[in-house]
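A.B. asks: from the sequence below, what's the structure:
(one chain, ligands or ions: 1)
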Amino acid sequence: MKIDAISIFPDYFDALKISLLGKAQAANLIDFTAVDLREFTHDKHRTVDDSPYGGGAGMLMKPEPWGEAFDFLIPEADSETQIIFTSPAGEVFNQALAVELSQAKRIVFACGRYEGIDERVVEFAKSRASVRMVSIGDYVLNGGEVAALAIIEAVARLIPGVIGNAESLLEESHNDGLLEYPSYTKPANWRGLDVPAVLLSGNHAAIAAWRLEQQVKRTKANRPDLLGE
Ligand code: SAM
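C.D. replies: Prediction:
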């Protein structure tokens, strides 16, 4: 998968060189490029922001550098490219969307700063690719880079070959609408705390039943909305 991120802080994406995503790039499973939006400015101060029409606090990202960045990355309309504008006003990211995005050939992330991006940029982007506005949760970050990183990691780990043991993806939280059961490793007793006896029993049916019970209990306690409650 080809992934690009347009940002005024491309160094944020250095984190993608670490661990499994670093290995995935080395193995050519992911081809990632961070693009500096300021490369598409033409004034001495490399300006990317201006005051909003109609007044209001803060500055807004001006459209011209974004237009040039899209001209550079997606010179012609390409139905196989997905542009994602990270925004707290977007649809909320979840595992189902991660699965959907993991099928994409190419994703281009547009990372806002300040009070966001001139809305015409979103309209213009639709002439070049499929566009989605995506939030990573109901809170406001300073910029879209952390949001793009979270989405990239959730999507990339679903690409075959990125995670060593693909089976581990099947038993995770959100895969089947429930949160994951509690997990334990050695030693069996640690600081007076025991691993639940059933997990040491070797009885696979009993272990499966206990795990499902724990999944439902945990989901009820932490995320009743997932059970429609
Ligand atoms: N004024 C905007 C609003 O109220 O919707 C918030 C702008 S925020 C300070 C700056 C940038 O951070 C946004 O353009 C977006 O790219 C990013 N951002 C902030 N919170 C986010 C979230 N929850 N999910 C995704 N991106 C977010």
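
A.B. asks: what does this protein have sitting close to the ligand?
C.D. replies: 86-89, 111-113, 115-116, 135-137, 139-144, 147 (C-beta under 6 Å from any ligand atom). Glycine gets a C-beta too; all of them are placed from N, C-alpha and C.

A.B. asks: please flag which of those residues sit within strands.
C.D. replies: 86-89, 111, 135 (DSSP state E).

A.B. asks: list only buried entries from the residues of the chain next to the ligand.
C.D. replies: Buried subset of those (neighbour count, 16 or more other C-beta atoms under 10 Å): 86-88, 111-113, 116, 135-136, 141, 143-144, 147.

A.B. asks: and which of the residues you listed is nearest to residue 33?
C.D. replies: Nearest to residue 33, judged by C-beta to C-beta, of these is residue 111 at 13.3 Å.

A.B. asks: that closest one touches residue 149, doesn't it?
C.D. replies: No: the pair residue 111 and residue 149 does not pass the contact test of C-beta atoms under 8 Å, sitting 9.5 Å apart.

A.B. asks: spatially, which two of the ones in strands among the residues of the chain next to the ligand are the most separated?
C.D. replies: 89 and 111 (14.5 Å).

A.B. asks: spatially central residue in this structure, please.
C.D. replies: Nearest to the geometric centre of the chain sits residue 151, at 0.6 Å (C-alpha atoms, centre = their mean).

A.B. asks: chain center to the helix-or-strand element of the chain with minimal mean pLDDT: distance?
C.D. replies: Lowest by mean pLDDT, DSSP states H and E among the helices and strands of the chain is helix 167-170, with a mean of 82. Relative to its chain's centre, helix 167-170 lies at 19 Å (C-alpha atoms, centre = their mean, to the nearest Å).

A.B. asks: what pLDDT does the residue of the chain found nearest the ligand get?
C.D. replies: Closest residue of the chain to the ligand, C-beta to the nearest ligand atom: residue 112 (2.3 Å). Here the pLDDT value assigned to residue 112 is 98.

A.B. asks: hmm, residue 142 and it touching each other?
C.D. replies: No: with contacts defined as C-beta under 8 Å, residue 112 does not count as touching residue 142, sitting 9.8 Å away.

A.B. asks: list the buried residues for the longest helix anywhere in the chain?
C.D. replies: Longest helix in the chain, counting residues (DSSP state H): helix 204-222. For helix 204-222, the neighbour count (16+ other C-beta under 10 Å) marks 207, 210-211, 214-215, 218-219 as buried.

A.B. asks: with just CA atoms, put stretch 174-191 into PDB.
C.D. replies: These are the backbone C-alpha positions of stretch 174-191, laid out as PDB (Å, rounded to 0.1, in the frame of the first residue of the first chain):
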ATOM      1  CA  HIS A 174     -13.500  -5.000  18.200                       C
ATOM      2  CA  ASN A 175     -13.000  -7.900  15.800                       C
ATOM      3  CA  ASP A 176     -16.200  -9.500  16.900                       C
ATOM      4  CA  GLY A 177     -18.000  -6.600  18.500                       C
ATOM      5  CA  LEU A 178     -16.700  -7.500  21.900                       C
ATOM      6  CA  LEU A 179     -13.600  -6.300  23.800                       C
ATOM      7  CA  GLU A 180     -10.800  -8.800  24.400                       C
ATOM      8  CA  TYR A 181     -10.800 -11.100  27.500                       C
ATOM      9  CA  PRO A 182      -8.100 -10.500  30.200                       C
ATOM     10  CA  SER A 183      -4.800 -12.200  29.400                       C
ATOM     11  CA  TYR A 184      -2.000 -13.600  31.600                       C
ATOM     12  CA  THR A 185       1.500 -14.900  31.200                       C
ATOM     13  CA  LYS A 186       4.100 -16.600  33.500                       C
ATOM     14  CA  PRO A 187       4.600 -16.800  36.500                       C
ATOM     15  CA  ALA A 188       1.300 -18.400  37.600                       C
ATOM     16  CA  ASN A 189       1.500 -16.500  40.900                       C
ATOM     17  CA  TRP A 190       2.900 -12.900  41.000                       C
ATOM     18  CA  ARG A 191       3.100 -10.800  44.100                       C
END
